[in-house]
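Q: Quick check, what structure comes out for this input:
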Amino acid sequence: MTAGARALSWVLLAGLVAACSKASPGHTSNASSSSVPSGAVPVVATPPPPPAPPPPSIVRSEGMPGSFAPLARRADPAVATVKARVERQQPGGRRRTVAEGLGTAFVYDPEGYLLTNNHVIEGATDILVSFVDGRDIKATVVGRDKHTDVAVLKVDEKGLPSLPLGDSDFIEVGDWVVAIGNPFGLSHTVSAGILSAKGRTRDDVKGLDPSGYFNFLQTDASINPGNSGGPLLNLKGEVVGINAAVRANANNIGFAIPINMVRQLLPMLLRDGKIRRSQVGVIVDVLNSIEAGRLKRPDRKGAWVKTVVAGGPAERAGIAPDDVIIGFEGNAISDPNELRWMASIAGVNKTVTLRVARLERVFDVRLTLGELPEINEEPDEP
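A: Next up is the predicted model:
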């Protein structure tokens, strides 16, 4: 018998002894490892390897809402249809309706305060807000600002359903959002999508007021004429934006005013009815790559000073053309839009600190902000 055959016979014998031990209850085998020849190979059952983990999901299933119905059901009572009528007085004292507008508003304060777009109510002589429960209530304008397209309305009604204001800085591109409004007069229409971009300016949305201040949230939730002034909600039911604009010939691209921008305006609108804007006294532009090289800047961040207004705060503080303003009150300035916004709401006659880059030199400048002249906002008489 060969050595291989002998080893196999020992393996079979060991298996037979083990089987007999199991078949005879109470019998204990006295076999030990010394009884197995040194040349034998023990048979050991190897468990199968664990399955490979699945690849990570791009969108986790627990992050996807099963339905937007509960959110819409809670929010809808706080959303109102806005009917704005514009009248003009004719010779002889007669009044003639020249326009009727339709938009959306939402209650943010249960004491009767609503937010909407300025263009929804601009020039209106009568404003009516209609709720989903059938109530029609006359509203008045508490404050409005054409340059951000924000307006605050007030109704003589207490204890209204209201929507909480969220944090538009916290929401991220790719997050779910829900819009509620009255597109084409189809009241209380709900649409859903994602936040598709942030920081869109008037350069991205053509046809807007060139003197306006815009930092839009972009969404693919359907926003159409009539949605203007309605809420853009996160999945907690908090307002993160006021739906405001659509881009012509675009497919499902809408824009909303960030609610954090509105929060900064609300105290002034409630107190003064308008925004009294402050200014640095410079005309600024984007720093392109050619000018960045000429001015020895390591990047293109900041607001490039092209012109200094004669006799204005900047000239009195020693700011010169070709300076680059890179900070305002400790906040970094990445582009001219940020400087325009921060300077405009800081406060007339407030003393602030600007960080300025002049070639390789970086230094701080203290100056007292002036008042930005108001532009006539009243519509022309027909």
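Q: my guess is Asn224 contacts Asn182, does it?
A: No. Using Cβ atoms under 8 Å, Asn224 is not in contact with Asn182; the gap is 9.3 Å. All C-beta spots, glycine's among them, are computed from the backbone N, C-alpha and C.
Q: who's more crowded, those two?
A: Relative neighbour count places Asn182 above the other of Asn224 and Asn182, with 26 against 18, counting by other Cβ atoms under 10 Å.
Q: Out of the helices and strands in the protein, which is least certain?
A: Lowest by mean pLDDT, DSSP states H and E among the helices and strands of the chain is helix 3-23, with a mean of 41.
Q: Quickly list the domain ranges of the chain.
A: Here the domain assignment for the chain is 3-35, 68-273, 278-371, based on automatic domain parsing.
Q: Quick check: which of those domains is buried the most?
A: domain 68-273 (a mean of 18; mean count of other Cβ atoms under 10 Å).
Q: Quick one: end-to-end distance for stretch 122-140.
A: For stretch 122-140, the first-to-last residue distance is 12 Å (Cα to Cα, to the nearest Å).
Q: could you give me the average pLDDT of that stretch?
A: Mean per-residue pLDDT for stretch 122-140: 94.
Q: just stretch 83-102 next, same as before
A: 74.
Q: Need the distance between the two termini of that stretch.
A: Per Cα to Cα, stretch 83-102 runs 5 Å from first to last residue.
Q: how about the helices in the stretch 151-300 of the chain?
A: In the stretch 151-300 of the chain, the helices defined using DSSP state H, counting those that start in this stretch lie at 259-272, 289-294.
Q: Same list (the ones you listed) but as CSV, adding mean pLDDT and distance to Arg361.
A: Below are the helices of the stretch 151-300 of the chain laid out as CSV (pLDDT from 0 to 100; distance: least, Cβ to Cβ, whole Å):
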stretch, mean pLDDT, distance to Arg361
helix 259-272, 96, 32
helix 289-294, 94, 15
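Q: tell me what the particular helix or strand that has Ala72 in it is packed against?
A: According to DSSP states H and E, Ala72 maps onto helix 69-75. Secondary-structure packing of helix 69-75 (3 or more Cβ pairs under 8 Å, 6 or more residues apart in numbering; DSSP states H and E): strand 176-181, strand 231-233.
Q: Now these in TSV, please, with extra columns for mean pLDDT and distance to Leu265.
A: Putting the helices and strands packed on helix 69-75 into TSV (pLDDT from 0 to 100; distance: least, Cβ to Cβ, whole Å) gives the following:
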stretch	mean pLDDT	distance to Leu265
strand 176-181	95	21
strand 231-233	97	16
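Q: Redo these as a markdown table? Include distance to Asp109.
A: Output for those, formatted as a markdown table (distance: least, Cβ to Cβ, whole Å):
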| stretch | distance to Asp109 |
| --- | --- |
| strand 176-181 | 18 |
| strand 231-233 | 14 |
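Q: now for the ones you listed, which one comes closest to Arg316?
A: strand 231-233 (42.1 Å; Cβ to Cβ).
Q: quick check, distance from the closest one to the centre of its chain.
A: Chain-centre distance of strand 231-233: 10 Å, with Cα atoms, centre = their mean, to the nearest Å.
Q: likewise stretch 324-338?
A: So, by Cα atoms, centre = their mean, the centroid of stretch 324-338 is 21 Å from its chain's centroid.
Q: again with stretch 228-242
A: 9 Å.
Q: picking that back up, any chance of the helices of the stretch 151-300 of the chain in TSV with distance to Gly103 as columns?
A: Putting the helices of the stretch 151-300 of the chain into TSV (distance: least, Cβ to Cβ, whole Å) gives the following:
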stretch	distance to Gly103
helix 259-272	16
helix 289-294	42
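Q: between those, which gets nearest to Val309?
A: Nearest of the helices of the stretch 151-300 of the chain (Cβ to Cβ): helix 289-294, 20.3 Å.
Q: got the CA coordinates for the closest one in CSV?
A: C-alpha atoms of helix 289-294 as CSV (Å, rounded to 0.1, in the frame of the first residue of the first chain):
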residue,chain,number,x,y,z
SER,A,289,-7.5,87.3,-14.6
ILE,A,290,-5.7,90.1,-16.5
GLU,A,291,-6.4,92.8,-13.9
ALA,A,292,-5.6,90.3,-11.1
GLY,A,293,-2.1,89.8,-12.6
ARG,A,294,-1.6,93.5,-13.1
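Q: Point out the one among the helices of the stretch 151-300 of the chain that comes closest to Ala310.
A: helix 289-294 (22.9 Å).
Q: Show me the contact partners of that closest one.
A: Asp299, Arg300, Trp304 (Cβ atoms under 8 Å, 6 or more residues apart in numbering).
Q: hmm, back to that, right, and the helices and strands packed on helix 69-75 - which one's nearest Gly254?
A: strand 176-181 (7.2 Å).
Q: strand partners of the closest one, parallel vs antiparallel please.
A: Its sheet considered, strand 176-181 pairs with strand 189-200 (antiparallel), strand 231-233 (antiparallel) by DSSP bridges.
Q: Just give me the lowest mean pLDDT stretch among these.
A: Note on these: lowest mean pLDDT is at strand 189-200, with a mean of 93.
Q: doesn't Thr125 make contact with Glu87?
A: Yes. With contacts counted by Cβ under 8 Å, Glu87 reaches Thr125, the gap being 4.5 Å.
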